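Visitor: give the three-dimensional model of this entry:
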Amino acid sequence: MAFFGLFDTLDLGMRYVGLFAAPVVRTRDYPAIKEDPDFKETFDAASQIDIVISSLASAADEHGTLNAYLRQAPRDAALLRRAGWIGDLHYRPYSSTRPLLVNTERRAVTLFELADLAALARTPHRHVVVLSAPCGRCGRTRNDAIRPLLDAPDLRVWTKLIIDVTTAEDLLDEGGPRAAG
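Guide: Alright, predicted model coming up:
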């Protein structure tokens, strides 16, 4: 939000949507949060958003933000790992083939689920930009988490994928995008 506030000074006719909520909540409370008058307007505006910019992390990266939250919820972490969690985008977990809709005790507060991002990415004149750089703490690349986004039809949640050179080279060394089957 702080970054997008700078657009106000440029008079571009652009507006942005902020979600001023806790980053993680109890899953059972999430429907009520979406209807809470303090947040409902923001959730209702989701259908009007033309550009979503997000990032991803690997489940194997101990420094990933979702991993940091899951250290406080080991049962949720175990559920996701058993379900095949390989990465998360927009703090929503996915396996090598699909979004993981695991009923964990806690979940991220987001305007979009992965299926919503996939639908947005298929809509003309709308964009989902996914950024991925190596981990800022250990330098680990995230090609293991990017691979499913290239291969699995249910994870085609992006219109633009921005990655670093090392990750791109690693993905090419693996043989480039694979045919989804």
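Visitor: flag the shaky bits of this protein, pLDDT-wise.
Guide: Within the chain, the segments meeting pLDDT under 70 span 1-18, 175-181.
Visitor: just the strands in it please.
Guide: Applying DSSP state E to the chain gives strands spanning 24-26, 51-58, 87-89, 92-94, 106-108, 127-132, 160-163.
Visitor: got TSV for the ones you listed, with mean neighbour count and distance to residue 114 too?
Guide: C-beta: built from backbone N, CA, C; applies to glycine. As requested, these are exported to TSV (neighbours: other CB atoms under 10 Å; distance: least, CB to CB, whole Å):
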stretch	mean neighbour count	distance to residue 114
strand 24-26	15	17
strand 51-58	20	10
strand 87-89	27	7
strand 92-94	26	5
strand 106-108	19	11
strand 127-132	19	10
strand 160-163	15	15
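Visitor: can you give me the helices for the protein?
Guide: 30-35, 37-44, 65-70, 74-82, 114-121, 143-151, 165-173 (DSSP state H).
Visitor: residue 115 and residue 100 touch, don't they?
Guide: No. Judged on CB atoms under 8 Å, residue 115 makes no contact with residue 100 at a distance of 11.6 Å.
Visitor: the two: which has the busier surroundings?
Guide: For residue 115 versus residue 100, neighbours defined as other CB atoms under 10 Å are more numerous around residue 100 (20 against 15).
Visitor: tell me who's in contact with the more buried one.
Guide: Listed by CB atoms under 8 Å, 6 or more residues apart in numbering, the contact partners of residue 100 are 80, 83, 84, 85, 92, 93, 94.
Visitor: my guess is the fourth one meets residue 58, correct?
Guide: What that stands for is residue 85. No. If you go by CB under 8 Å, residue 85 and residue 58 don't touch, sitting 9.8 Å apart.
Visitor: before we move on, back to that, determine which two of the contacts of residue 100 are furthest apart.
Guide: 84 and 92 (14.2 Å; CB to CB).
Visitor: residue 56 and residue 38: what is the separation?
Guide: Applying CB to CB, to the nearest Å, one obtains 28 Å for the distance of residue 56 from residue 38.
Visitor: between the contacts of residue 100, which is closest to residue 51?
Guide: Out of those, the member with the shortest distance to residue 51 (by CB to CB) is residue 92, at 18.1 Å.
Visitor: gap between the closest residue to that closest one other than its chain neighbours and residue 22?
Guide: Spatial nearest neighbour of residue 92, excluding adjacent residues (CB to CB, 6 or more residues apart in numbering): residue 114 at 5.0 Å. Note on residue 114: its distance to residue 22, by CB to CB, is 21 Å.
Visitor: more crowded one of these two?
Guide: residue 114 (22 against 10).
Visitor: the more buried one reaches residue 152, doesn't it?
Guide: No. Applying CB under 8 Å as the test, residue 114 and residue 152 come out as separate, 10.6 Å apart.
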